[in-house]
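**Q** Any chance you can model this:
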Amino acid sequence: MEDGGVPGVFPGSWALLFPIFLFIFADMTYPELWRRLLPMYEEGEAKAIVRLVLETRFGLSLADICAGKVTHLSQDDGRELEDLMQGLALGRPVQYVLGEALFAGRTFRVTPDVLIPRPETEELCQWVVQTLSSTPLFHPRILDIGTGSGCIAITLAQSLPSALVCGWDISKGALAVARENADRWGSAVEFVRQDALHAPTDKNRWDVIVSNPPYICHQEREAMAAHVLEHEPHSALFVPDDDPLLFYRSIARYALSALGIGGQLFFEINPLYAESLQRMLEEMNWRRVETRHDAFGRQRMMRAERP
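**A** Sure, this is the predicted structure:
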């Protein structure tokens, strides 16, 4: 062995490289990582974000993190972690930085072309599954309008293996992400480019239509987090201030003919317009209009039956 060397690690020049090694990882402790996010996030959220990155990308458990194993990352992992932290420091949502998000127990690919899946949408999927599980339909035909990442359509296809599921979106980028997610989970979901505001004339084509359409008015922007406003696709978020029910109206009109008699329409909704939406559906002669609250106690889902 050469003087100063370590067998199988850094022969000969290890002593010269050691200071560089220390420099690379000097700021890689868990507290120093989450403190870099404090300008944008509260302490608890900053800690959770860094833990998610360390667990998802580097396989470090909470016990590993508490034991200081962040400082044991390799040089390549250290560089990758720094790249991820720089993205987070720019305000990019952690799901976009990682390129994935957890939804209904499955990991989905996400990019800035699609909204980040949220827990309340999981509850909407659960409602659809519960409803269809109690019906005699053997091959229910399901349409997801505004599919985005495909998380609703794929979750329903996985939960209801005999279902025939289709997802619509106007965004080519979103459809590419949705198809990638379907391939990942082996789901035979059909994805179609279609504008929800200019739907075709269909009759008795579907048994269930589900949608999480754009429903946030521009006047609500001030109450929204910066990382949502600056990074998630506005076309999937916003509707005009003077017509907050724009997408709901268009989808409900399409569904009146496209659903079979007794077919079910499911919406994720904006709590601010729950009463207005229910009144609109009832005026359109939809039956058994029902609203449900999410886990946070907000009116977040609505179901109606085609007359």
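
**Q** Just give me the neighbour total for the residue lying closest to Gly173 once chain neighbours are set aside.
**A** Spatial nearest neighbour of Gly173, chain neighbours left out: Asp113 (3.2 Å); criterion: C-beta to C-beta, 6 or more residues apart in numbering. Any C-beta I mention is one placed from the backbone N, CA and C, and that applies to glycine too. Neighbours of Asp113 under the rule other C-beta atoms under 10 Å: 20.

**Q** Please tell me how far Asp113 sits from Gly99.
**A** Distance from Asp113 to Gly99, counting by C-beta to C-beta, to the nearest Å: 12 Å.

**Q** can you check Leu38 too?
**A** Counting by C-beta to C-beta - Leu38 and Gly99 are separated by 24 Å.

**Q** ok, which stretches of the stretch 201-307 of the chain are strands?
**A** Secondary structure of the stretch 201-307 of the chain (DSSP state E, counting those that start in this stretch): strands at 206-211, 216-217, 238-239, 259-268, 287-293, 299-305.

**Q** can you redo these as TSV with distance to Gln158, mean neighbour count and mean pLDDT?
**A** Formatted as TSV, these follow (distance: least, C-beta to C-beta, whole Å; neighbours: other C-beta atoms under 10 Å; pLDDT from 0 to 100):
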stretch	distance to Gln158	mean neighbour count	mean pLDDT
strand 206-211	15	25	98
strand 216-217	28	18	75
strand 238-239	30	18	72
strand 259-268	17	20	96
strand 287-293	22	14	97
strand 299-305	20	21	97
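
**Q** Let me have those strands in TSV, extended by distance to Ser133.
**A** Converted to TSV, those look like this (distance: least, C-beta to C-beta, whole Å):
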stretch	distance to Ser133
strand 206-211	12
strand 216-217	31
strand 238-239	32
strand 259-268	12
strand 287-293	16
strand 299-305	14
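
**Q** tell me, what residue is most central in the chain?
**A** Nearest to the mean C-alpha position of the chain, by C-alpha atoms, centre = their mean, lies Pro117 at 1.6 Å.

**Q** so what's it up against?
**A** Shown in contact with Pro117 (C-beta atoms under 8 Å, 6 or more residues apart in numbering): 101-103, 108, 110, 148-149, 151.

**Q** Farthest pair within those residues?
**A** Leu102 and Gly148 (15.3 Å; C-beta to C-beta).

**Q** higher neighbour count, those two?
**A** The residue with more neighbours, out of Leu102 and Gly148, is Gly148; 27 against 15, by other C-beta under 10 Å.

**Q** That one should be in a helix, yeah?
**A** No: counting by DSSP: H, G, I helix; E, B strand; the rest coil, Gly148 is not found in a helix; it is coil.

**Q** shouldn't it be in contact with Pro214?
**A** No: contact criterion C-beta atoms under 8 Å: Gly148 and Pro214 do not qualify, at 10.7 Å.

**Q** so what sits against both of these two?
**A** By C-beta under 8 Å, 6+ apart, the residues touching both Gly148 and Pro214 are Ala236.

**Q** Beta-bridge partners for Phe266, please?
**A** Bridge pairing for Phe266 (DSSP bridges) gives the partners Val210, Arg303.

**Q** Begin at 355 from now on, thanks
**A** That works, and once the first residue is 355, the last one we named lands at Phe620.

**Q** Show me the helices in the chain, by range?
**A** For the chain, the helices defined by DSSP state H cover 368-379, 384-389, 397-412, 416-420, 429-443, 448-452, 473-487, 505-513, 526-539, 580-583, 600-612, 628-637.

**Q** I'd like the distance between Arg446 and Met634.
**A** Using C-beta to C-beta, one gets 37 Å for the distance from Arg446 to Met634.

**Q** picking up where we left off before, can I assume the residue nearest to Gly527 is in contact with Ala590?
**A** No: the criterion here is C-beta under 8 Å, and Asp467 misses it with Ala590 at 9.0 Å.

**Q** okay, and the common contacts of the two?
**A** 525, 528.

**Q** Go ahead and measure how far stretch 542-558 is from the middle of the chain.
**A** Centroid separation between stretch 542-558 and its chain, computed with C-alpha atoms, centre = their mean, to the nearest Å, is 21 Å.

**Q** Restricting the selection to alpha carbons, write it to CSV.
**A** C-alpha atoms of stretch 542-558 as CSV (Å, rounded to 0.1, in the frame of the first residue of the first chain):
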residue,chain,number,x,y,z
ALA,A,542,-55.6,-0.6,-20.2
VAL,A,543,-57.0,2.9,-20.0
GLU,A,544,-57.7,4.7,-23.2
PHE,A,545,-56.6,8.3,-23.3
VAL,A,546,-58.1,10.7,-25.8
ARG,A,547,-57.4,14.4,-26.6
GLN,A,548,-60.7,16.1,-26.1
ASP,A,549,-61.8,19.6,-25.0
ALA,A,550,-64.4,19.3,-22.2
LEU,A,551,-66.0,22.6,-23.4
HIS,A,552,-66.6,21.1,-26.9
ALA,A,553,-67.6,17.6,-26.2
PRO,A,554,-69.0,15.3,-28.9
THR,A,555,-72.6,14.3,-29.2
ASP,A,556,-72.8,10.9,-27.5
LYS,A,557,-75.7,8.8,-26.4
ASN,A,558,-75.7,6.1,-23.7
